[in-house]
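Enquirer: structural data only, the sequence is not supplied:
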């Protein structure tokens with residue numbers, strides 16, 4: 001932002017990719033932009049699937065959506081959510097699909113250190129969300145943080161790729177769930193065996209392509225991973241906000257509410273079974 005002079009450049013359109021006004025400098029927030037730029041366009045950075053009033057307000061009813069001259073939606077159902085939850089005039093919403101799918105597929109053949117580390121073993125990608133707090137419990141991390149790594153500690157025929165949400169460590173510490181030392185000790189323990197790999201790189205595509213299946217909390221990953229046509233386990237939080245209108249897609253997932261379901265999914269992936277393939281496609 002410091003390297004771009006809005007006044008001097010005088011753009012005709014500014015594209016915004018995230019709905020969280022607090023993440024932008026004051027001069028790049030919607031109210032300020034609308035004073036100097038004739039048009040704002042919005043392409044959501046992720047594939048929003050989380051439910052809950054607060055999240056729906058962020059994704060569909062914020063300043064970005066209300067001010068958007070054009071909003072680009074991934075599907076007709078996604079488009080309808082802007083009207084249902086944000087009161088947006090649907091004439092401003094254009095269905096284009098989403099660039100994440102093209103971006104993901106374009107990297108399919110790239111050989112990476114992660115893929116080399118996995119080798120020929122089936123790998124399962126675990127994607128824990130940061131939302132562990134009671135008011136917006138999207139994450140099952142605190143419930144499964146010992147259970148899931150321990151399963152892979154006990155077997156040598158499969159790999160766990162741990163890819164925690166980038167905000168998870170900070171959230172756990174700030175909210176007092178774990179100290180910084182406890183967080184460090186936890187990840188050291190989890191990755192102390194060859195069957196567990198921690199991936200905190202910026203690009204999630206290598207982890208997608210190196211994996212044979214996904215275990216995920218509520219996340220964009222639940223939708224994006226569908227493009228790879230591989231098994232998905234939804235780690236459901238029964239007292240959480242759940243999924244938005246795209247929640248119908250849960251039919252395409254295995255769903256885990258207990259340890260037995262997690263173990264069964266891992267066994268399916270290791271043995272090359274894909275019980276939801278037809279429904280998913």
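Expert: Cool, the structure landed. These numbers were taken from a predicted model, which means no experiment stands behind them.

Enquirer: CA atoms for contacts and neighbours, from now on please.
Expert: OK.

Enquirer: where along the stretch 151-281 of the chain do the helices fall?
Expert: Counting by DSSP state H, counting those that start in this stretch, the stretch 151-281 of the chain has these helices, from start to end: 168-174, 180-190, 205-210, 221-224, 259-270, 277-280.

Enquirer: most neighbours per residue, which of these?
Expert: Sort those by mean neighbour count, taking mean count of other Cα atoms under 10 Å, and helix 205-210 sits at the top with a mean of 22.

Enquirer: how about the helices of the stretch 151-281 of the chain, which one is nearest residue 46?
Expert: helix 221-224 (8.9 Å; Cα to Cα).

Enquirer: centre of the chain to the closest one, how far?
Expert: Taking the mean of its C-alpha atoms, helix 221-224 sits 7 Å from the chain's own mean (Cα atoms, centre = their mean, to the nearest Å).

Enquirer: can you list contacts of it?
Expert: 47, 49, 100, 101, 127, 216, 232, 234 (Cα atoms under 8 Å, 6 or more residues apart in numbering).

Enquirer: can you give me the mean pLDDT across it?
Expert: In this model, helix 221-224 has a mean pLDDT of 96.

Enquirer: and stretch 84-100, by the same measure?
Expert: The model assigns stretch 84-100 a mean pLDDT of 95.

Enquirer: contact partners of it?
Expert: 46, 56-57, 60-62, 65-66, 68-76, 79-80, 82-83, 224.

Enquirer: tell me which entries of the residues you listed lie within strands.
Expert: Assigned to strands by DSSP state E, the following of the contacts of stretch 84-100 qualify: 70, 71, 72, 73.

Enquirer: so who does the second one touch?
Expert: Applying Cα under 8 Å, 6+ apart, one finds that residue 71 lies in contact with 41, 42, 43, 65, 92, 93, 94.

Enquirer: got the contact list for the closest residue to residue 226 other than its chain neighbours?
Expert: Of all residues not flanking residue 226 in the chain, residue 280 sits nearest, at 7.6 Å (Cα to Cα, 6 or more residues apart in numbering). Contacts for residue 280 (Cα under 8 Å, 6+ apart) come out as 226, 229, 249, 251, 252, 253.

Enquirer: that older thread, most neighbours, which of the contacts of helix 221-224?
Expert: residue 232 (29 neighbours; other Cα atoms under 10 Å).

Enquirer: surely it and residue 218 touch.
Expert: No - Residue 232 is beyond contact range of residue 218, at 11.9 Å (criterion: Cα atoms under 8 Å).

Enquirer: what about residue 21, neighbour count?
Expert: Neighbours around residue 21, by other Cα under 10 Å: 16.
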